[in-house]
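K.L.:
What follows is a predicted protein model with its sequence.
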There are 2 protein chains.
Amino acid sequence: MSLRSVKPPHETRTRILDAAEELFMQHGFEGTSMRLLTAKAEANLAAVNYHFGSKDALIEALFRRRLDPMNAGRIAELDRLEKDAGGRALPPEAIIRAFVGASLRMIEDAKSGGRNFIRLLGRTYTDPQKHIRSLIGQLYGPAMERFKAAFERALPQMPRDELVWRIHFMFGTLAYTLAATDTVQLIAGCKPEDRYDARLLEARLTAFLAAGLLAPLHDAADVKKAA
Amino acid sequence: MSLRSVKPPHETRTRILDAAEELFMQHGFEGTSMRLLTAKAEANLAAVNYHFGSKDALIEALFRRRLDPMNAGRIAELDRLEKDAGGRALPPEAIIRAFVGASLRMIEDAKSGGRNFIRLLGRTYTDPQKHIRSLIGQLYGPAMERFKAAFERALPQMPRDELVWRIHFMFGTLAYTLAATDTVQLIAGCKPEDRYDARLLEARLTAFLAAGLLAPLHDAADVKKAA
DNA sequence: TTAACATTCAAACGTTCGTTTGAATCAGGA
DNA sequence: TCCTGATTCAAACGAACGTTTGAATGTTAA
């Protein structure tokens, strides 16, 4: 019995998932080979197919590992907020914070790979592959319905289709912010030490999103009429 | 001399670029094979390497074809606005409109493949590959500097680092909106006929972005102190 | 110790990848 | 007409791909 043999039962699974998060984030799903992946995970080439069945199944397991608890936490946080508020309507900014906070907290988690996952997730939102889209849609579905309902209650005067678009915009801002953190730098000038400060980023992002969500209504009817 | 032979000198080049826009958008760069690509373009397998040199060179040519005139148009539009305004400061919303208008107009251009390109572009903003990032950065650099300066002139009272972040957020909202149009539907409920109406989308998006850009300043100092 | 199961391993499977090659076909000017 | 350069074509290149296999090794309980 070697010293290395005293390890958790699924350590290989975990190492593979961690390596996959980093490499998929860096090179995409198709751009990451099983050989590179298993080498980084210090596992045998056949380990992925043994533990997960296939590359696609690994992708699904990867998202489920992080997304299931993350969205459950979001819903729990929203439940808590609504319970604390009694019957009163929640301020929209609090709902936003409940949603984005879960993502931003994970950005700070560089050691256990949470940051890798978040950036991969930001990229994957715009992945057009059918099975990826349906997976993400499935994993986000319940939380999105729940938050949409919360926004509808908080903003009863806003037209439904306008609200849907504004939720869409907010989601996009978050997704891009997560994916582009420390990668794309189209605009230079932000202080490097601010880039990973999740508390500061949350304040900035929430202020931006809340203002956008509550923007004065443009006259969509006029636009339609003119067209 | 066959009938088919009377064609523009670079028709094959164009067919390849058009097919590449559509397939790269659907399957990504790594996920699109030269065989599938040349088949869709009705060209020989060797045509890409003959006309462009390599797959990577094709990608660069693809972005240059659309992005160079698009960003030149943005800068020209901004020049025009500033000239018309004389010395007066531009309203931030007008600057936003000059930037997003160029993208959104291309969404309506379904026939010549502009929509494919725009959606591909939205995805590519978050691509972490080094040579892709530097290419996008290079193609966007001049326009981004120009617009950043315009925003600084329009909002002299806003702290520079806050402005940089808000430009970042606006860019992200646009990128995601472009990439996700008709693909991701995490939130259902928007009327399908509205999805491709660029005028309506521009009104919605501009209202959202302008409000976010002009959001009340969060107290970043407090956040920093508390941390 | 032995049997049963879980995991790891090296090797190979057939397929597909981006690219190259050299001949065939085309065009337009001398 | 013939020549020259541009373009297309079928075929092949070696490399890398995801997956499978069967033996070897490790672990657990009787």
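P.N.:
Structure received.
K.L.:
What residues of stretch A:66-83 count as buried?
P.N.:
A:R66, A:L67, A:M70, A:N71, A:R74, A:I75, A:E77, A:L78, A:L81, A:E82 (16 or more other CB atoms under 10 Å in any protein chain shown). Placement of C-beta: from N, CA and C, glycine included.
K.L.:
Now do the SS call for the fourth one.
P.N.:
With DSSP: H, G, I helix; E, B strand; the rest coil as the basis, A:N71 sits in helix.
K.L.:
my guess is it contacts A:P142, does it?
P.N.:
Yes: between A:N71 and A:P142 there is a contact under CB atoms under 8 Å: 6.9 Å.
K.L.:
Hmm, A:E82 and A:L90 touching each other?
P.N.:
Yes: using CB under 8 Å, A:L90 makes contact with A:E82 at a distance of 6.4 Å.
K.L.:
list the residues that contact both of the two?
P.N.:
A:A150 (CB atoms under 8 Å, 6 or more residues apart in numbering or on different chains).
K.L.:
Helix or strand for A:Y50, just tell me which one.
P.N.:
According to DSSP states H and E, A:Y50 maps onto helix A:47-51.
K.L.:
Contacts only, for the closest residue to A:L120 other than its chain neighbours.
P.N.:
Excluding the flanking residues, the one nearest A:L120 by CB to CB, 6 or more residues apart in numbering or on different chains is A:M25, at 4.0 Å. Contacts for A:M25 (CB under 8 Å, 6+ apart) come out as A:N116, A:F117, A:R119, A:L120, A:R123, B:P128.
K.L.:
Pick out the lowest-pLDDT one from the residues you listed.
P.N.:
Sorting these by confidence puts B:P128 at the bottom, with a pLDDT of 79.
K.L.:
Helix, strand or coil: sort out it for me.
P.N.:
Here B:P128 is coil, with the state taken from three-state DSSP.
K.L.:
In chain A, what residue spans correspond to helices?
P.N.:
For chain A, applying DSSP state H gives helices covering A:11-27, A:34-40, A:47-51, A:55-84, A:92-107, A:114-124, A:130-154, A:160-180, A:198-213, A:220-226.
K.L.:
Minimum distance to B:Y176: which of those has it?
P.N.:
Proximity to B:Y176 (CB to CB) singles out helix A:160-180 among these, at 2.7 Å.
K.L.:
tell me which residues in that closest one are buried?
P.N.:
A:162-180.
K.L.:
now swap in stretch A:144-155 and tell me
P.N.:
For stretch A:144-155, the neighbour count (16+ other CB under 10 Å) marks A:M144, A:F147, A:K148, A:A150, A:F151, A:A154, A:L155 as buried.
K.L.:
circling back: hey, C-alpha coordinates of the helix holding A:Y50 in CSV?
P.N.:
C-alpha atoms of helix A:47-51 as CSV (Å, rounded to 0.1, in the frame of the first residue of the first chain):
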residue,chain,number,x,y,z
ALA,A,47,-10.2,8.1,-17.2
VAL,A,48,-12.8,10.5,-18.6
ASN,A,49,-14.6,7.8,-20.5
TYR,A,50,-14.5,5.5,-17.4
HIS,A,51,-15.8,8.1,-14.9
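K.L.:
That one vs DNA strand D: in contact?
P.N.:
Yes: Helix A:47-51 reaches DNA strand D (CB under 7 Å from any atom of the strand) through A:V48, A:N49.
K.L.:
So what's the gap between that helix and the chain middle?
P.N.:
26 Å (CA atoms, centre = their mean, to the nearest Å).
K.L.:
near DNA strand C, anything from it?
P.N.:
Yes: Helix A:47-51 lies within reach of DNA strand C by CB under 7 Å from any atom of the strand, at A:A47, A:Y50, A:H51.
K.L.:
Go ahead and build a PyMOL selection from the buried members of those residues.
P.N.:
The following PyMOL line selects those of the residues of helix A:47-51 next to DNA strand C that are buried, judged by 16+ other CB under 10 Å:
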select buried, chain A and resi 47+51
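K.L.:
show me where pLDDT drops low in chain A?
P.N.:
The model of chain A has pLDDT under 70 over residues A:1-10, A:181-196, A:219-227.
K.L.:
For it, what lies in contact range of DNA strand C?
P.N.:
A:P9, A:H10, A:E11, A:T12, A:A43, A:N44, A:L45, A:A46, A:A47, A:Y50, A:H51.
K.L.:
re earlier: let me know the closest of the contacts of A:M25 to DNA strand D.
P.N.:
A:L120 (15.8 Å; CB to the nearest atom of the strand).
K.L.:
Is it correct that that closest one is in contact with A:F24?
P.N.:
Yes: counting by CB under 8 Å, A:L120 touches A:F24, with 5.3 Å between them.
K.L.:
Which one of those two is surrounded by more residues?
P.N.:
A:L120 (27 against 23; other CB atoms under 10 Å in any protein chain shown).
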